[in-house]
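**Q** Model the structure of this input:
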Amino acid sequence: MSHPIPRTHHLARRPLLASALGLAATLMLVTPGAQAQSASAAADAPLRLVVGYPPGGSSDRVARIVADKLQAKLGSPVIVENKTGAGGRLSAQYVKAAPAHQPALLLANPAVMVVAPLVFPDAGYDAERDFRAVSHVNSYEFGVAVGSAVPVKELPHLMAWLKANPDKANFGVPATGSLPHFFGLMVGDAAKVRAEVVGYRGSAPLLNDLLGGQVPVAFDTFDTLLPQHEAGKIRILAVSSAKRSALAPQIPTFKEAGMDLAATGWNTFFAPMSMPKAQAERLAGLIVEVMKDPDTQRKFETAKMEPVVATMAQTEAMLKAYRAQWAPVVQRSGFKP
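**A** Residues are numbered from 1 along each chain as shown. Below is the predicted model of the structure:
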C-alpha cells in the first residue's frame, strides 16, 4: 500500500529558503558599505607610535619629535605610547598583534630587532616575518668612558692598563644583551683583553657607578655619556662612528685611536604585517618628508641626536647590511640571557 508524500515538508522549507535568500541579499547590500565604513574608521583612527622604553629616553624623544610633525601631515592624531618591559620586546609583541583598524608603528632599535631574535628563542615575534621596515630616522654611536679613578687619557693606554690590572677589567653596560654590551665584547676581542661585562638596569645606575668608581670602564651610547664628559666628571676616550662626532669633534674615533672598529645603532619605524602595504608605504613617504624638515633636524640636533632621512628601500638595505655585521658577533659571543 502506497503512502502519500507529506507536502508539509516542502512547504516548510520555502519560507526558510526565502529568508536565507533575503538575508544574503541584505548582506550583499550592507557589506560594501560596512567595508567602506571600516576602512574609513581605520583611516581616521589615531596612529600610535609605540616605544619600548620609558618617557624621557632617546627613543622616546625621537618618537615625540616625529609624532608632532607627522600629525600635522596626516591631519589626524598621532599618539606616542610607551610599552615598556622585557628589554623592549614587549613593545614588539604588542605591535605585532595590532589589528588593522588600530594603526600602529613600532619604533625599535637593534637590541629588539636584531639581537633579541638571535638570543631569545621565545621572543614572541619574528623581526623579519612579522614586521615591514618603514623608515630609519636616527643613528647613534657608542662611546667608551672611564671614571676619574682610572689614570688614562687615551684608548691605547686604557687597554694597557686593563692588561696590567686584569682584576679591574670590568666593562659596565646599560643592559645585558644590549648593543653596548656586544660592542664592549668586540673591543675586548680586538684588544685581546679578557673583560667581565657587568650589565646594569639602565644608563643612570651605570653612570652613578662609573662616577663613584665602582666600575672603571663604561660602554654606552655616545649621547648618554657626553653630558658627564662635558661636565668633566668622566672621560670619553673614543667614539664608534666612522668619523668624529659633530657633537664633540675633539674625541677621536676608535680607528684613529688605533683600533679598527666602527659601529652604530639606530632607531627605525616598523609596521606590523596587519597594516596594508599601501598604508605603510604612505607613512614611510610622510616620515621622509618629516625628517627632511629643517625644524625637525634642528630639534634632533638640539637633543644631541643625529637625524636620518631614509626611504623604505634604503631602510631595508640598511637593515640587511646591519644584520650581516652584527649577527656573527652575537652568535660568536655565546651569550645566553
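**Q** all helices for this structure, in order.
**A** For the chain, the helices defined by DSSP state H occupy 8-44, 58-74, 89-96, 110, 116-119, 155-164, 179-191, 203-212, 222-230, 277-292, 294-302, 312-333.
**Q** So which of these is the most surrounded?
**A** Mean neighbours per residue, mean count of other CB atoms under 10 Å, is largest over those for helix 110, with a mean of 24. The way it works is simple: take the backbone N, C-alpha and C, and place the C-beta from them, glycine included.
**Q** From the chain's centroid, how far away is that helix?
**A** Helix 110 has its average C-alpha position 6 Å from the chain's average C-alpha position, going by CA atoms, centre = their mean, to the nearest Å.
**Q** helices or strands next to that helix in the packing?
**A** Using 3 or more CB pairs under 8 Å, 6 or more residues apart in numbering; DSSP states H and E as the contact test, no helix or strand touches helix 110.
**Q** And the contacts of it?
**A** Residues outside helix 110 that contact it (CB atoms under 8 Å, 6 or more residues apart in numbering): 179, 265-266, 322, 326.
**Q** re earlier: which one, of the helices of the chain, ends up nearest to L261?
**A** helix 179-191 (5.8 Å; CB to CB).
**Q** what's that closest one packed up against?
**A** strand 131-147, strand 170-173, strand 196-199, strand 217-221, helix 312-333.
**Q** The second one pairs with which strands, and in what direction?
**A** Looking back up the chat, that one is strand 170-173. strand 196-199 (parallel), strand 217-221 (parallel) (DSSP bridges).
**Q** Can you add mean neighbour count, mean pLDDT and distance to A149 and give those back as JSON lines?
**A** Putting the strands paired with strand 170-173 into JSON lines (neighbours: other CB atoms under 10 Å; pLDDT from 0 to 100; distance: least, CB to CB, whole Å) gives the following:
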{"stretch": "strand 196-199", "mean neighbour count": "16", "mean pLDDT": "92", "distance to A149": "16"}
{"stretch": "strand 217-221", "mean neighbour count": "27", "mean pLDDT": "96", "distance to A149": "11"}
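**Q** Residues in a beta bridge with V146, which ones?
**A** Per DSSP bridges, the residues bridged to V146 are V217, R235.
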